[in-house]
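A.B. asks: just a sequence and a predicted model for now, questions to come.
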Amino acid sequence: MAKQPSTLEAGAMGQCCPSVLAAPLDANEATELADGFSALSDPVRLRVLSILAASPEGEVCVCEFVEPLGKSQPTISHHMKILSEAGLVQGDRRGKWVWYSLNRDRLAQLRTSLEG
């Protein structure tokens, strides 16, 4: 369901992604990183990631975001789509509901890209 990052995947040398502080990025690398950071630039989406990270089961049903976020189901679905397209979450459809979990590898890639 989630679009996985393509440019930033582990390369032959075992590095997961380029550092924005180590060398100039090419256009594709910059686009991949910008997509991830853009998805993180909204308070609702940051709260979604926080709820997912705190879940003892490691996943949360999309229906369980409505009350704590105080947003409608369509609004939450919009935010989940953005997070999913950025590769930050992945969804698993079970019946009419989707259960989401964090893509910790993608979050680590973004964090690593800021290290020098």
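C.D. replies: Right, received. Where do you want to start?

A.B. asks: which residues touch the residue nearest the centre of the chain?
C.D. replies: Nearest residue to the geometric centre of the chain (C-alpha atoms, centre = their mean): L88, 1.3 Å. Neighbour list for L88: 36, 39-40, 49, 102-103, 106-107 [criterion: C-beta atoms under 8 Å, 6 or more residues apart in numbering]. Every residue, glycine included, has its C-beta placed from N, CA and C.

A.B. asks: can you put these in TSV and add distance to C63?
C.D. replies: Converted to TSV, these look like this (distance: C-beta to C-beta, whole Å):
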residue	distance to C63
G36	26
A39	21
L40	23
L49	18
L102	18
N103	21
R106	24
L107	24
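
A.B. asks: just the helices in this structure please.
C.D. replies: 27-39, 43-54, 66-69, 73-85, 104-113 (DSSP state H).

A.B. asks: so which of these comes closest to S19?
C.D. replies: Taking C-beta to C-beta, helix 104-113 is the member of the helices of the chain nearest to S19, at 5.8 Å.

A.B. asks: okay, buried residues for the closest one please.
C.D. replies: 106-107, 109-110, 113 (16 or more other C-beta atoms under 10 Å).

A.B. asks: likewise stretch 92-102?
C.D. replies: Buried residues in stretch 92-102 (16+ other C-beta under 10 Å): 98-102.

A.B. asks: next one: stretch 25-42
C.D. replies: Neighbour count says stretch 25-42 has 25, 29, 32-33, 35-36, 39 buried, by 16+ other C-beta under 10 Å.
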